[in-house]
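Peer 1: model the structure of this input:
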Amino acid sequence: MLTIDGSFGEGGGQILRSSLSLAMITQTPFRIENIRARRRKPGLMRQHLTAVKAAARVSNAHVEGAELGSTELVFEPGPICPGHYEFAVGTAGSTMLVLQTVLPALLLLTESGGESGGESGGEPSEVSVEGGTHNMNAPVFEFLDRAFRPQMQALGAEVSFGLEQHGFYPAGGGRVRATINRGFDPSASLELVERGRLESVEATALLAHLPAHIAEREFAALAEALDVPVDETRTVTLEESRSPGNTLIVDVASENVTEVFTGIGRKGVRAEEVGEETARAVNAYLAGGAPVGPYLADQLLLPMTITSGGVFRTSECTPHTATQLALIPRFVDVGFERIDDEHGTLIRVEK
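Peer 2: Have a look, this model is predicted:
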């Protein structure tokens, strides 16, 4: 059985989630040790446990060690089954990370059937996850929908995401839904090395049970700190949220790609700081010239691995991306070429 050391690389939950995805796709059983060893609270938290249970349901897996706080886990996948699934984190833990754990396996099932051994390849799937939708250190819904989804479409998938309710820390209660009508095209490849001309920069502030001046201050700080003008601002007031919350979202649309940057409002951090930190991330992306931002890069590698590869340039090879480059070949016969230069990092996926 394949053994994964959960303390290597970024040493967090990504290693577990990617291992689950890869195990389902390749039908490879694995044992992971030292889960989240580099985090302040090692072991499985509720969000990670939900991802394990979701993967187990989707792939009819045998699992050992699936309990809160566990630092070791055995996962033996069975056939992937399309269908309608509902999962709940039970806290404000990220729904997006749970969804991204099972999404690649379900996207592998094409109209002509998948490689997983499932009996009903081609049947549409729907996955609903309850918990947090706008979290620190996790992709928000808008990133998944407006930055990640178009690249999945470029690889042949037909998938839609719906945000049914926003969920902020600490109450959670958000709900996101993914509907998969068509899986990946195994012959598709992704080429994303040029950003193309900048088309628009738009900012949205989400406010739940908070005063409107927070959005106004975030927009003002963002506009002052950005190296390019903001074309449009929009404030969305959320009455249905279970707890107060605030997220600043900046969409940077270019000719060949849209990137999404976020600042999460939190207790003790002034609105101006949220605007400024978001502006710094956008400025760094625009200055580098690469089309793929630092957070989208690691999320493209796994889909490219199970299709026909391709090449992209990213502004930064983060520890998460470097970890993916090391982890994926443990499960899949694939080659990666990484070239770092003054323009960022070029990554080629060779099948």
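
Peer 1: ok, Arg242 touching Pro170?
Peer 2: No - using Cβ atoms under 8 Å, Arg242 is not in contact with Pro170; the gap is 9.3 Å. C-beta coordinates here come from the backbone N, C-alpha and C atoms, glycine included.

Peer 1: neighbour count winner among the two?
Peer 2: Arg242 (17 against 11; other Cβ atoms under 10 Å).

Peer 1: for the more buried one, give me its contacts.
Peer 2: If you count contacts by Cβ atoms under 8 Å, 6 or more residues apart in numbering, Arg242 has them with Gly167, Phe168, Ala171, Gly172, Gly173.

Peer 1: just name the closest of those to Ala271, please.
Peer 2: Phe168 (15.5 Å; Cβ to Cβ).

Peer 1: how does this structure divide into domains?
Peer 2: Listed by automatic domain parsing, the domain ranges of the chain are 2-192+292-350, 198-288.

Peer 1: returning to that earlier point: now for the contacts of Arg242, which sits with the most neighbours around it?
Peer 2: Gly167 leads the contacts of Arg242 on contacts (other Cβ under 10 Å) with 32 neighbours.

Peer 1: worst average pLDDT in the domains of the chain?
Peer 2: Ranked by mean pLDDT, the domains of the chain bottom out at domain 2-192+292-350, which scores a mean of 93.

Peer 1: so of the domains of the chain, which one's packed in deepest?
Peer 2: Among the domains of the chain, ranked by average contacts under mean count of other Cβ atoms under 10 Å, first place goes to domain 2-192+292-350 (a mean of 20).

Peer 1: how long is that domain end to end?
Peer 2: Start-to-end span of domain 2-192+292-350 (Cα to Cα, to the nearest Å) is 23 Å.

Peer 1: then stretch 155-171?
Peer 2: End to end - Cα to Cα - stretch 155-171 spans 36 Å.

Peer 1: how about stretch 34-52?
Peer 2: So stretch 34-52: terminal residues 15 Å apart, Cα to Cα.

Peer 1: what lies in contact with that stretch?
Peer 2: Residues contacting stretch 34-52 (Cβ under 8 Å, 6+ apart): 5-7, 10-13, 15-17, 20, 63, 66-73, 75, 87-91, 93-94, 97-98, 101-102, 129, 131.

Peer 1: so which of those sit within strands?
Peer 2: If you go by DSSP state E, these have Asp5, Val63, Leu73, Phe75, Phe87, Ala88, Val129, Gly131 in strands.

Peer 1: pick the one among these closest to Ala188.
Peer 2: Val129 (26.3 Å).

Peer 1: ok, and the closest non-adjacent residue to that closest one?
Peer 2: Thr95 (4.0 Å; Cβ to Cβ, 6 or more residues apart in numbering).

Peer 1: now do that neighbour against Leu192, distance only.
Peer 2: 26 Å (Cβ to Cβ, to the nearest Å).
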